[in-house]
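Trainee: model the following, please.
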Amino acid sequence: MSDEMTLEERKTLNLIELRNYKLIKREETEEGIVFLAEAPSGKKVLLLCIPGKAVGVKYVRQVREMADAEGAELGIIIGDGRYTRSAMQEARKFNVELIPRKFPPFNIFKHTLVPKHEILIPEEREELLKKYRIKPYQLPWIRATDPAIIAIGAKPGDIVRIIRKSKTAGEAIAYRYVVG
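Mentor: Presented below is the predicted three-dimensional model:
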């Protein structure tokens, strides 16, 4: 990464790497830097990197329009400024993800104290709930704003498997329910 890259652009490229997206194109526009990527599921994702501005409803609507024009199902905004309350409400309505300012510009999973996090697929989820005869909300909770949860793209209602290395057990597996 070059020195001329903004912090938001580094965060965007980090997010693309963490979620295993395949970068299709990068384009600089008046609004910011637009990235088009493909998710492992084959769905297109549009990411808008906005350095140094507060993000309002205007940007959320622009991302949705650009995503629709590119055939992308998900839009993501990575900004330096704060998100207005109305932008957050509009983002939920238009399926646009807002990455918080505090999201790190480096791969957090390379740190020794951050364990591996995985979102359970529906079959694993049902098997886990059936095995322990519980409802998802009875699992320990983890906030959707946790940097590791943002990094893997988990949403409220998902169940996450956390795999820690243990000197005594080899691997210790824990499950968490993602809450808003």
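
Trainee: longest strand anywhere in this protein?
Mentor: strand 170-179 (DSSP state E).

Trainee: got the contact list for that one?
Mentor: If you take Cβ atoms under 8 Å, 6 or more residues apart in numbering as the criterion, strand 170-179 is touched by 120, 128, 136-144, 149, 154-166. C-beta: built from backbone N, CA, C; applies to glycine.

Trainee: sitting in helices, which of those do you find?
Mentor: Using DSSP state H, the subset of those located in helices is 128, 149.

Trainee: in PyMOL, how would I select the buried members of the contacts of strand 170-179?
Mentor: To isolate the buried ones among those in PyMOL, judged by 16 or more other Cβ atoms under 10 Å, type:
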select buried, resi 120+128+136+139+142+149+154+158+159+160+161+162
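
Trainee: three-state assignment of the residue of the chain most remote from its centre?
Mentor: In terms of distance from the mean C-alpha position of the chain, residue 168 ranks first, at 32.4 Å (Cα atoms, centre = their mean). Assigned with DSSP: H, G, I helix; E, B strand; the rest coil, residue 168 falls in the coil class.

Trainee: need the contact list for it.
Mentor: Neighbour list for residue 168: empty [criterion: Cβ under 8 Å, 6+ apart].

Trainee: any idea of the pLDDT on it?
Mentor: pLDDT recorded at residue 168 is 90.

Trainee: that one and residue 114, how far apart?
Mentor: 20 Å (Cβ to Cβ, to the nearest Å).

Trainee: likewise residue 81?
Mentor: Relative to residue 114, residue 81 is positioned 27 Å away (Cβ to Cβ).

Trainee: try residue 79
Mentor: Counting by Cβ to Cβ, the gap from residue 79 to residue 114 is 24 Å.

Trainee: could you measure from the residue farthest from the centre of the chain over to residue 162?
Mentor: For residue 168 relative to residue 162 (Cβ to Cβ), the value is 17 Å.

Trainee: partner strands of the longest strand of the chain, parallel or antiparallel?
Mentor: Neighbouring strands of strand 170-179 in its sheet, by DSSP bridges, are strand 141-143 (parallel), strand 159-166 (antiparallel).

Trainee: looking at those strands, which is closest to residue 110?
Mentor: strand 159-166 (13.8 Å; Cβ to Cβ).

Trainee: wait, isn't residue 24 in contact with residue 34?
Mentor: No. Using Cβ atoms under 8 Å, residue 24 makes no contact with residue 34, being 10.9 Å away.

Trainee: the two: which has the busier surroundings?
Mentor: Just comparing residue 24 and residue 34: by other Cβ atoms under 10 Å the higher neighbour count belongs to residue 34, 20 against 14.

Trainee: quick check: bridge partners of that one?
Mentor: residue 27, residue 48.
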